[in-house]
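Novice: My questions are about this predicted structure, shown below with the sequence.
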Amino acid sequence: MQSYTYYDNPEAQSHHHEGSKQGVPSQVNMARNSQAPPKDYLVMAILVTIFCCLPLGIVGIVKTSSSRTMYAMGNYEEAERSSSSARTWIKAGLICGIIVWVVQIIFIVVKIMNMNTNPDQYYGY
């Protein structure tokens, strides 16, 4: 663990050796992340947002960003929970997107088939 000294007041650094109360240094311990980061789903969340389901993809992006933030703060359990939640939202968005795409394709195919069987209906005769 590394320890850094910083001063609240820029002038305090020059006066620190003189024993000034204003120049009392603060100690900050910079702990290195000892645990591996949770799985990152940002790319998948962006793709789901663009191609599948906008609302659920946005929630996935927010959860992934939250996971990154929690990991950077050292809150590993919360980072893992956010990552898992992001995965859930992304899967839901992917499933909804696939369902919508399949329904649209079926609708188009039915419309084309109907147009081929009864062309007079579409040409106004």
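Specialist: The structure has been received and is ready for your questions.
Novice: And the helices in the protein?
Specialist: 10-15, 42-51, 54-73, 76-117, 119-123 (DSSP state H).
Novice: wait, which of those helices is closest to Ser34?
Specialist: helix 76-117 (8.9 Å; C-beta to C-beta). For every residue, glycine as well, the C-beta is placed using N, CA and C.
Novice: how deep is the nearest residue to Ser65 once chain neighbours are set aside tucked in, by neighbour count?
Specialist: Using C-beta to C-beta, 6 or more residues apart in numbering and skipping the chain neighbours, the partner closest in space to Ser65 is Leu42 (7.6 Å). Leu42 has 16 neighbours, counted by other C-beta atoms under 10 Å.
Novice: do the same with Tyr76
Specialist: 16.
Novice: Distance of it relative to Ile50?
Specialist: Tyr76 is 30 Å from Ile50, where distance means C-beta to C-beta, to the nearest Å.
Novice: And Arg68, by the same measure?
Specialist: 20 Å.
Novice: Counting neighbours, go ahead and name the busier of these two.
Specialist: Neighbour count, other C-beta under 10 Å: between Arg68 and Ile50, Arg68 has more, with 17 against 10.
Novice: Correct me if wrong: the more buried one contacts Ala45.
Specialist: No. Under the contact definition of C-beta atoms under 8 Å, Arg68 does not touch Ala45, with a separation of 11.7 Å.
Novice: related to what we said a few turns ago, list the contacts for the residue nearest to Ser65?
Specialist: Leu42 makes contacts with Ile61, Thr64, Ser65, as judged by C-beta atoms under 8 Å, 6 or more residues apart in numbering.
Novice: so can I have JSON lines of the residues you listed showing distance to Phe107 and pLDDT?
Specialist: Compiled in JSON lines, those are given as follows (distance: C-beta to C-beta, whole Å; pLDDT from 0 to 100):
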{"residue": "Ile61", "distance to Phe107": "29", "pLDDT": "96"}
{"residue": "Thr64", "distance to Phe107": "33", "pLDDT": "95"}
{"residue": "Ser65", "distance to Phe107": "36", "pLDDT": "95"}
